[in-house]
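Undergrad: build me a structure from this.
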Amino acid sequence: MVGMVHSSYYRRPSLGRKGNKPSEFTFNKSKGMVSQDAVIKSVKDILSNEFIDCGYRLMTSYLQREGYLINHKKLYRIMREEGLLKLENRINRSGSGRKFVKYRKVITVRPFQCIEMDLKMVWIPSVGKF
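TA: Numbering: from 1, shown residues only. This is a model prediction of the structure:
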């Protein structure tokens, strides 16, 4: 009567985000199902080491070694929500080149104070390749 298609008349608008809700638990081989707080604690423990400063992909492999069954997409979402991603501190390598080398001058006072070498190819005899 109204001239509307039945499918649009009975459609209910979805409130919020579309799709399934993100899972709140992650499986660990030794602990079973653990909450995201345990995953966040593990990520912070790994990042607290002095020489480890990694992104979400390398962190995924660290967590998988600890027994978590987690993929990089879920870990990216968790780290983004907790502010653990290092996106603003990322090195910008676009167009930078090696311009700083032009202006670097080594000033020496005595012989053999600074010895530099530039290796481009090294022959590996056991493999038979450069």
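
Undergrad: C-alpha from now on. contacts and neighbour counts both.
TA: Fine.

Undergrad: could you measure from the closest residue to Tyr68 other than its chain neighbours over to Tyr56?
TA: Nearest residue to Tyr68, sequence neighbours excluded (CA to CA, 6 or more residues apart in numbering): Asn28, at 4.3 Å. Distance of Asn28 to Tyr56, given as CA to CA, to the nearest Å: 18 Å.

Undergrad: Gly19 now?
TA: In terms of CA to CA, Gly19 sits 23 Å off from Tyr56.

Undergrad: swap in Val2?
TA: For Val2, the distance to Tyr56 - CA to CA - is 53 Å.

Undergrad: now do Cys114
TA: 40 Å.

Undergrad: pLDDT value on Ile124, please?
TA: In this model, Ile124 is scored at 85, pLDDT.

Undergrad: what is the neighbour count of it?
TA: 9 (other CA atoms under 10 Å).

Undergrad: just Leu58 next, same as before
TA: 12.

Undergrad: packing partners for the helix or strand hosting it?
TA: In the assignment (DSSP states H and E), Leu58 maps to helix 56-65. Applying 3 or more CA pairs under 8 Å, 6 or more residues apart in numbering; DSSP states H and E, we find helix 56-65 packed against helix 36-47, helix 72-82.
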